[in-house]
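Show me the folded form of this:
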Amino acid sequence: MDTIVLASKSPRRSEILKQLNIPYIVFSVSVEENIKKENNRHLIPSVINISRKKTLVAACSFSNGLVIGVDTVVYFQRRVFGKPESEEQALKFLRMLSGNRHSVISGITVYSVSDDMSYSSFSVTDVYFHKISETLLQRYIEQGEWAGKAGGYGIQGNAALFVKRIIGSFYNVVGLPVEELYRLLNRFNYFESEGTYRPIKNV
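Numbers count the residues shown, from 1 in each chain. I've put the predicted structure just below:
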């Protein structure tokens, strides 16, 4: 039975794995996530590379298991928005995104420690925001939900009000593209192994 190691302290990613009933442990790692690229073509390899680095750093502490690494950024008008460092920066991000379309781009890697083998993928979701009033933006910032989130918002929280529509994976915007995760875990036959995955029955 392969233990799933989530190389991230993100509570949103943890919650998604819980919803999927996938047993896992959290092992937070620290790698350089600063990306300064001016076009989408170069950005995708960058987020994949960071996700791979996270798995490799985490893997050093384990003798077996499947390590999941993810890196998510917001891309808007040739700018990369990572996690804001302050309320002021979060507000600046959201003012720019208001009334516009932006892309949420994630790189994801699953690394098998025992096999010393990894597979990577990416996901791109286009998000369209309503024009958001300054009052609503200020209230959102005061609530503190912006902290630790790429672009300064969480679609699964109060910022759902900002969203007009999306094209692509909802879970990618949350921070863990489930569609790609399933495909990568399948490469290691994770769902076929005895004792690894048991869907929860509806009552």
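
Pick out the residue nearest the middle of this structure.
In the chain, the C-alpha nearest the mean C-alpha coordinate belongs to Gly175, at 2.3 Å (C-alpha atoms, centre = their mean).

So it versus Leu20, what's the distance?
Remark: distance between Gly175 and Leu20 (C-beta to C-beta, to the nearest Å) = 14 Å. In this view, the C-beta of every residue, glycine as well, is placed from N, C-alpha and C.

One more: Tyr182?
Counting by C-beta to C-beta, the gap from Tyr182 to Leu20 is 9 Å.

which of these two has more neighbours?
Between Tyr182 and Leu20, Leu20 has the larger neighbour count (other C-beta atoms under 10 Å), namely 16 against 13.

Just list the residues touching Thr125, thanks.
Ser103, Val104, Ile166, Ile167, Gly168, Ser169, Phe170, Asn172, Val173 (C-beta atoms under 8 Å, 6 or more residues apart in numbering).

Setting aside sequence neighbours, what's the nearest residue to it?
Excluding its sequence neighbours, the residue lying closest to Thr125 (C-beta to C-beta, 6 or more residues apart in numbering) is Gly168, at 3.3 Å.

With Ile16 instead?
Leu176 (4.7 Å).

ok, how many other residues are close to that neighbour?
Look at Leu176: counted by other C-beta under 10 Å, it has 26 neighbours.

With Pro45 instead?
Pro45: 13 neighbours (other C-beta under 10 Å).
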